[in-house]
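>>> model the structure of this input:
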Amino acid sequence: MRLNQYDLQWCVRLLPKALRDIMKKEEIVVAGGYVRSCVTRETVNDIDLFIPERDYALHLAAALSVGAKPHRTVNAITVRGLKYPVQFITRWVYDAPQEVLSSFDFTICQAAFWWDHYCQRWASAVSDDFYVDLAAKRLVYTNPVREEAPGGSMLRVLKYYQRGYRITIKSLSDVIARLAHGVRFDYRMVCVDELDTLLFAHVVKGLLHEVDPSIDPDHIIEEN
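Below is the predicted model of the structure:
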């Protein structure tokens, strides 16, 4: 499936001109939250860009930079100074836009567009459930096969809930299971086949904080 032509036009129109121009020269895919925000007319926070090679991200980021130096982390290279912050995702790289779609954890993010260099036009792709689940404001977890920080999807559930989305019991169970899979259950956690729930909760809290330290950077709400 593809984006509705009017949605695609709106996504392209809202791009910073510098990004629009560079996408017509390079292999760059815009996907995820930016597309969802454009379709639903939510506020755009940033633009995630997906590329086939990590090493090329620095070159592309430098080409887009306006004054400020690109900020680099283990997961992405962020460029500020444009209409929206732009992030080149370096934790995962993809050879095809369809691979980008399958990597997202929720169907409402499975939408992408790019410049088709062969046809010389904008192209797009969405999952079969993208529009249906987006219209229902329904969170459906995709159980993506990828290396990720434990708890990342759980934090996104909270973010989407604040925006009025609701999650199915099956999807919530899968998200919790993915989080639990990231916990190392050693002798301190389990004693005589019984889980130390307080220690488990402490470990989970730490995992969530690692995913997004900005939630409580100064540990103000921490009890200990």
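
>>> packing partners for the helix or strand containing Asp7?
Counting by DSSP states H and E, the element that carries Asp7 is helix 5-14. Counting contacts by 3 or more Cβ pairs under 8 Å, 6 or more residues apart in numbering; DSSP states H and E, helix 5-14 is packed against helix 33-40, strand 111-116, strand 121-126. Yep, even glycine has a C-beta here, placed from its N, CA and C like the rest.

>>> closest to Ile51 out of those?
Closest approach to Ile51 among the helices and strands packed on helix 5-14 is made by strand 111-116 (10.6 Å; Cβ to Cβ).

>>> in the closest one, what's buried?
In terms of neighbour count (16 or more other Cβ atoms under 10 Å), strand 111-116 has its buried residues at Ala111, Ala112, Phe113, Trp114, Trp115.

>>> specify the beta-bridge partners of the fourth one.
As for beta bridges, Trp114 partners with Val29, Ala123 under DSSP bridges.

>>> and it, what's its pLDDT?
Trp114 is assigned a pLDDT of 97 by the prediction.

>>> state whether it and Met23 are indeed in contact, as I suppose.
Yes - distance between Trp114 and Met23: 6.8 Å, which falls inside the contact criterion (Cβ atoms under 8 Å).

>>> what do these two both touch?
Shared between the contact lists of Trp114 and Met23 (criterion: Cβ atoms under 8 Å, 6 or more residues apart in numbering) are residues Val30.
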